[in-house]
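Visitor: Sequence below, structure please.
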Amino acid sequence: MSAPAASAPRSIGAPRVKPWLMVAAATAMLAWGGNHFTPLLLMYRQVDGYSSVEVDLFLAFYILGLVPGFLVGGPLADRYGRKRVMTIGIGTGVVGSIVLAAGASSPYWLCAGRLIIGVSVAVAMVAGTSWIEELSQEPYESGAATSGARRGSLALTAGFGIGAGISGVLAQWAPAPTVLPYVLQIGLLLASAVLLAGAPETRPAIDGASAGSLGTTLRGLAADLRIPAEKRARFFGVVAPTAPWVFGALAIAYVITPALIGPKVGGDEVAFATLLTVVALAAGALVQPLVRRLAVLTGGRQLVLGLGLTFLAAALCAVEAAVLSPALAVVIAVVAGLGYGISIVSGLIEVQRMAGPDDLAGLTGLYCSLTYVGFLMPVALAALAGSTSYVTLLIVVALLCLSCAVTAGWNLRSARRATEPDPALA
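Guide: The predicted model follows:
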């Protein structure tokens, strides 16, 4: 599949707002909509009396929306352009938030709203990050020294963290806690859409894309998800084993840990869950600019370092299940956040090195689908908790993480460029 080269802007100059920032704002606001629901889960249990099974179901429907959004949204962005798909993503996010705000008293409407939000967040993670990567290069930015992958992951992390922090505060202390967080996010989404309108398109629609038959379109979308033959060994040996632990780390930090520690913090469960979310994502954001240096220090094995930190977080969480210490919960959030921050930047860079200009968003979508497998961990643990203790389950999680780290490390050792600093991080 080929696409016409993106036309350079008529005047690069020094625009008032850098093009990548226009896209980053919309990407962050869409990510806000995905993660601000996390600290609200405890609120729904308190205010509306939802059971833990129903709360886990809300998370599962979010992932049900994410995965097809990743697998279809990425190829659509490669085929029809970044701006068109991102605009649809913003509209989808607004609709999803309206459904959630209006349907707080119905588990069916909440499931539907989370499904819709999942699609919108998937668009941000594939079309948004790909667009940011392209706008961080010539001719859109002269002499950009910062990795576009790092900029994209920072935009996502900022949205995840700030959204969760503000919505958690509103849920704990503001009036109308089941409505106000969504109203705020809708307003910010609409504001980001205005800014997005001024961003230059980097991947114009492929000639004849709209006029092709359904079969041709489906074959084109499938081609965008195809891993280049020469990159498959590295993808399945390094990227695939590490990807689920990107959001698996965050699931440990602010889904599993708050559920364990809840009885210890009394009526401040929502506030404490919000604190853990913000701490984990702040740690992730702070470590991301250091990934280039970590790549040099580890000989290109920074992904293994990220998983090592996630293994430590899982091991500490097993201890937490026994001791129930609020202080230890904060430590777990920091360690897991560091693991997340290193892993998401490194994984995006791996994928961007594998992809060509015509399938960047498609392969990014495939990678993101694997990362969100980690968010199924709380659901699996809740289902198994009736037959064994959380201490045992979390020890198993830690050992699985360690085995994935060893697998990736072994494959990186045998890879041709394993001992060289990653040039994509420059």
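Visitor: tally of neighbours for residue 156?
Guide: 30 (other C-beta atoms under 10 Å). In this view, the C-beta of every residue, glycine as well, is placed from N, C-alpha and C.
Visitor: What number of neighbouring residues does the closest residue in space to residue 193 that isn't next to it in sequence come out with?
Guide: Once flanking residues are discounted, residue 193 sits nearest to residue 90: 4.9 Å by C-beta to C-beta, 6 or more residues apart in numbering. For residue 90, the count of nearby residues is 21 (other C-beta under 10 Å).
Visitor: give me the number of residues near the residue lying closest to residue 157 once chain neighbours are set aside?
Guide: Spatial nearest neighbour of residue 157, chain neighbours left out: residue 285 (4.6 Å); criterion: C-beta to C-beta, 6+ apart. Residue 285 is flanked by 20 other residues according to other C-beta under 10 Å.
Visitor: The helix or strand where residue 279 lies: what's the following helix or strand?
Guide: Element membership for residue 279 (DSSP states H and E) is helix 269-287. Tracing the chain past helix 269-287, the next element assigned as helix or strand by DSSP H and E is helix 291-297.
Visitor: just to revisit the earlier point, pull the distance from the helix holding residue 279 to the chain's centre.
Guide: 15 Å (C-alpha atoms, centre = their mean, to the nearest Å).
Visitor: now do stretch 316-323
Guide: Mean-position distance between stretch 316-323 and its chain equals 26 Å (C-alpha atoms, centre = their mean).
Visitor: And stretch 324-343, by the same measure?
Guide: Remark: stretch 324-343 is offset 17 Å from the chain centroid, using C-alpha atoms, centre = their mean.
Visitor: And for stretch 194-202?
Guide: Worked out by C-alpha atoms, centre = their mean, stretch 194-202 lies 22 Å from the chain centre.
Visitor: Dump it to CSV, restricted to CA.
Guide: Output of stretch 194-202 as CSV, limited to C-alpha atoms (Å, rounded to 0.1, in the frame of the first residue of the first chain):
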residue,chain,number,x,y,z
VAL,A,194,-10.7,23.8,18.0
LEU,A,195,-6.9,23.6,18.5
LEU,A,196,-6.7,20.4,16.5
ALA,A,197,-8.3,22.0,13.5
GLY,A,198,-5.2,24.1,12.9
ALA,A,199,-2.8,21.1,12.9
PRO,A,200,-1.3,20.1,9.5
GLU,A,201,-2.2,16.7,8.1
THR,A,202,0.8,14.5,7.7
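Visitor: list the buried ones in that stretch?
Guide: By neighbour count with 16 or more other C-beta atoms under 10 Å, stretch 194-202 contains the buried residues 195, 196, 199, 200, 201, 202.
Visitor: Quick one, grab the pLDDT at the fifth one.
Guide: Okay, so that is residue 201. We have a pLDDT of 92 for residue 201.
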